[in-house]
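*Asks:* okay, predicted coordinates and the sequence, questions at the end:
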Amino acid sequence: MSEKTPPIQATKMMKKLMADHFLALDRAAAEGSPKVAWCTSVGPAELLIAMGFEVYYPENHGALLGASRIATDTIPVANAIGYSPDICSYLTADVGAFLKGITPLTKAYGIKGVPKPDVLVFNTNQCRDVQDWFEWYGRHFNVPAIGVRTHRGVGEVREYMVADVAQQIKDLIPTLEKVSGNKFDIDRLREVVGLSKQCTEQWRAVLEYGARVPAQMNFFDHTIHMAPAVVLRGRPEAIEYYNTLLAELVEREKAGYSAVPGERLRLYWDGMPVWGRLRMLAELMNELKAAIVCSTYCNSWIFGAFDAADPFESMARAYTELFIVRDEAYKEAYMLEHVERYGCQGIIFHDAKTCPNNSNSRYGLPQRFAEVHGVPSLVINGDLNDLRCFSDEQAKTNIEAFVEQIEEMAA
Amino acid sequence: MVFGGIDIGSTATKAALIDDSGALLGSAVRRSGVDFTASANLALEEAAKQAGVDQKDIVGIFSCGYGRKNATMAQETRTEIACHAAGAYHHFPQALTVVDIGGQDNKIIKLNAKGMRTSFKMNRKCAAGTGAFLEEMALRLDLPLESLDQLARDAQEEATLGAYCTVFTATEVLSKIRDGVKVEALVKGLFRSVVKRVMEMDILEGTVVMTGGVAAHNPYLAQMLSEELGRQVLLPPRPQLNGAWGAAILARDFRARQLARE
Ligand code: SF4
């Protein structure tokens, strides 16, 4: 096994894709055509692309604010206008940045501000925060904020849920036709759903490289390379990108590379990334030779149900069978299956202060994992964007001690 | 042979020197201050002097605590969680729940009968229930830290304090002072608050051992916890040294494994 791991080459291609994506959005907003739709990360993006919109994802922007740590300065601005420090720090970072008139897109792409929306389309499968977030911009720009209200705490995905969500997606069409000036075309939607399906399958294949021993990619790589699956799904560029990345992964595996040189330990990550501390955490895990090989978060962009033959129902199904909206029993079984398949010796739960929706440690799940399945876990307290809620030292000590504990048990 | 452990905590730096059997030869406790490396060096020097050994005769040194990386003389670092576990198990070799109350954070560490950790928890970033909490309260009440234990023991009554947060508790304390509540009752209430914070962190099963500087200086806390649990809470011989002592034990075991391999 090689001790040296050169950087993944495909990253360059991704940077170019992301730049093109944001520049196209910027142009569209400036020229007024095509129209710009803002969409939640797991919203009905396929429909928006099929209707000819350029699609912008505020959650992606939230993550950029976190990763660039601009969030630290912008969250308090939103707090001051009445958005509590206890609610989604993507929302508060994003609204605060808007009020301050700053964005990481300026430094990265020379873009002055985020592209002005012509319509905002949410899906509450993530949480209620996205709806309130979009409605704030809806009021600000005086444009429609419309969306899908999804089912939550879902055990088995039932037909009535799929039918309901499919109908809600169809109900968006008249507004979207009006805003875009384009007629809805079912064949175009079929084509986009087909592209999204391909993208999803490739993203799944990329993630499976985490299951290799040693893992070819880890959680920190995934948080970077998931960007096209999030913002470009439904577009051919995303498929091209993952083809390139997958080809490179084949070669890297042959060359004997591994995501964490000298991998000694494999872990599962549950919850949001701590965007502002990715590097610190990645370095710590490298030092400990512990690879985080699988995560709930990065797996959330696998939408296996997409089916071009049945676009509305399959979108409804894909967006209803997501981990985040499921009940505890489903979550436990899902995580256990992944822990086993990826050969994880333990789970790190990130309890993100401002995102209860993606924090799965609050109702005794870690204890059930230990007692019922014999899987040890660690809960670290932190946040996706609000670094006021994260203590470097405590996180480090906790993670180091957890790795010690697992190694001690294995010895 | 002599082995050493250095525990550089947020408040105090502890050094312990032991022999092959794990018996303590010498020790020192110093304030960590702003130069962790210097305080570690001084603590080790003092411990060596007390033990009557030359520093170069110390075969292996492990460090732990917040400043563990600053102990330049240490061969290896371990987390304080590993070291408190090793220290407690050395004194009580059985399945244990170790409750360590530190200057900045509390830990609950569970060990199986072989002394292996099966789980641990640290308090969240807030300092409620830690040494820092008691220090802050002593300051507010204008009391020397050393007087707290006796005051709590002497209390005929106990003030009820509800908040999680240290700052909120300070406000509660002020309002109780205004209402004429006796200082002893307040201190006992503060101790109760520490015990409650610990008990809500995890289930304290089996044999419970309390370690750390806070328990060392306020053994009444262990008594209160015993009363709450309905069984005796154990204290190791030198609770404040437990982490350093454990680090030395780990250094000793490490050396033994190395020798076995050679
Ligand atoms: S799921 Fe969490 S991070 Fe995502 S928008 Fe909702 S609260 Fe924010």
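*Replies:* On my side now, so go ahead.
*Asks:* hey, let's count contacts and neighbours off CA atoms from now on
*Replies:* Will do.
*Asks:* helices and strands of chain A: which one bottoms out on pLDDT?
*Replies:* Lowest on mean pLDDT, DSSP states H and E among the helices and strands of chain A sits helix A:392-410, with a mean of 93.
*Asks:* and the residue nearest the centre of chain B, its phi and psi?
*Replies:* Taking CA atoms, centre = their mean, the centroid of chain B lies closest to B:G212, which sits 1.4 Å from it. Dihedral pair for B:G212: phi 100, psi 170, per degrees, to the nearest 10.
*Asks:* residue contacts, it?
*Replies:* Counting by CA atoms under 8 Å, 6 or more residues apart in numbering or on different chains, B:G212 makes contact with B:100-102, B:239-243.
*Asks:* neighbours around B:L225, how many?
*Replies:* By other CA atoms under 10 Å in any protein chain shown, 22 other residues sit near B:L225.
*Asks:* for the ligand, see how far away the residue nearest to B:Q55 when sequence neighbours are not counted is.
*Replies:* Among residues not flanking B:Q55 along the chain, B:A48 sits closest, at 6.2 Å (CA to CA, 6 or more residues apart in numbering or on different chains). B:A48 sits 53 Å away from the ligand, going by CA to the nearest ligand atom, to the nearest Å.
*Asks:* if we can go back for a sec, which positions in the least confident helix or strand of chain A come out as buried?
*Replies:* Under the neighbour-count criterion of 16 or more other CA atoms under 10 Å in any protein chain shown, helix A:392-410 has A:394-406 buried.
*Asks:* those into JSON lines, with extra columns for distance to A:L246?
*Replies:* Output for those, formatted as JSON lines (distance: CA to CA, whole Å):
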{"residue": "A:Q394", "distance to A:L246": "37"}
{"residue": "A:A395", "distance to A:L246": "33"}
{"residue": "A:K396", "distance to A:L246": "32"}
{"residue": "A:T397", "distance to A:L246": "35"}
{"residue": "A:N398", "distance to A:L246": "34"}
{"residue": "A:I399", "distance to A:L246": "31"}
{"residue": "A:E400", "distance to A:L246": "32"}
{"residue": "A:A401", "distance to A:L246": "35"}
{"residue": "A:F402", "distance to A:L246": "32"}
{"residue": "A:V403", "distance to A:L246": "30"}
{"residue": "A:E404", "distance to A:L246": "34"}
{"residue": "A:Q405", "distance to A:L246": "35"}
{"residue": "A:I406", "distance to A:L246": "32"}
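*Asks:* redo those as a markdown table? Include distance to chain B.
*Replies:* A markdown table is the format used below for the buried residues of helix A:392-410 (distance: CA to the nearest CA, whole Å):
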| residue | distance to chain B |
| --- | --- |
| A:Q394 | 7 |
| A:A395 | 9 |
| A:K396 | 10 |
| A:T397 | 6 |
| A:N398 | 7 |
| A:I399 | 10 |
| A:E400 | 7 |
| A:A401 | 6 |
| A:F402 | 8 |
| A:V403 | 10 |
| A:E404 | 8 |
| A:Q405 | 6 |
| A:I406 | 8 |
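*Asks:* closest one of those residues to the ligand?
*Replies:* Nearest to the ligand among these: A:A395, at 20.0 Å, using CA to the nearest ligand atom.
*Asks:* excluding chain neighbours, what is closest to the closest one?
*Replies:* A:I380 (6.2 Å).
*Asks:* okay, and the one you found sits in which element?
*Replies:* For A:I380, the enclosing helix or strand under DSSP states H and E is strand A:377-382.
*Asks:* just the angle for that strand relative to helix A:392-410, thanks.
*Replies:* Here the directions of strand A:377-382 and helix A:392-410 differ by 170 degrees (axes from the mean of the first three to the mean of the last three CA atoms, to 10 degrees).
*Asks:* ok, residues contacting strand A:377-382?
*Replies:* Here strand A:377-382 has contacts from A:274, A:346-353, A:361, A:366, A:369-370, A:389-391, A:395, A:398-399, A:402, B:119, B:121, B:124-125, using CA under 8 Å, 6+ apart.
*Asks:* of these, list those near the ligand.
*Replies:* Contacts with the ligand are made by none of these, judged by CA under 6 Å from any ligand atom.
*Asks:* residues in contact with A:A211?
*Replies:* Contacts of A:A211 by CA under 8 Å, 6+ apart are A:293-294, A:341-343.
*Asks:* for B:A86, same thing?
*Replies:* Contacts of B:A86 (CA under 8 Å, 6+ apart): B:115, B:243, B:246-247, B:249-250.
*Asks:* any idea how far it is from A:A247?
*Replies:* 48 Å (CA to CA, to the nearest Å).
*Asks:* next one: A:S84
*Replies:* A:S84 is 45 Å from A:A247, by CA to CA.
*Asks:* and what of B:T72?
*Replies:* 46 Å.
*Asks:* A:Y83 too?
*Replies:* With CA to CA as the criterion, A:Y83 and A:A247 are 45 Å apart.
*Asks:* shouldn't B:G60 be within a strand?
*Replies:* Yes: assessed with DSSP: H, G, I helix; E, B strand; the rest coil, B:G60 lies in a strand.
*Asks:* shouldn't it be in contact with B:M1?
*Replies:* No: applying CA atoms under 8 Å, one finds B:G60 not in contact with B:M1, separated by 9.3 Å.
*Asks:* quick one: which of those two has more around it?
*Replies:* Comparing B:G60 with B:M1 by other CA under 10 Å, the one with more neighbours is B:G60, at 24 against 11.
*Asks:* look up which residues are beta-bridged to the residue lying closest to that one once chain neighbours are set aside.
*Replies:* Leaving aside its sequence neighbours, B:G60 sits nearest to B:F3 (CA to CA, 6+ apart; 5.2 Å). Going by DSSP bridges, B:F3 is paired in beta bridges with B:I18, B:G60.
*Asks:* list the contacts for B:F3?
*Replies:* B:17-20, B:58-61, B:248-249, B:251-252.
*Asks:* B:T97 is in what secondary structure piece?
*Replies:* strand B:96-101.
*Asks:* what pairs with that strand, and is each one parallel or antiparallel?
*Replies:* In the sheet, strand B:96-101 lines up against strand B:106-111 (antiparallel), strand B:207-211 (parallel) (DSSP bridges).
*Asks:* related to what we said a few turns ago, comparing B:T72 and A:A247, which residue is more hemmed in?
*Replies:* A side-by-side neighbour count of B:T72 and A:A247, using other CA under 10 Å, places B:T72 first with 15 against 11.
*Asks:* do you know how far the closest residue to that one other than its chain neighbours is from B:D7?
*Replies:* Spatially, and ignoring its direct neighbours in sequence, B:T72 is nearest to B:T37 (6.8 Å; CA to CA, 6+ apart). Distance, B:T37 to B:D7, by CA to CA: 11 Å.
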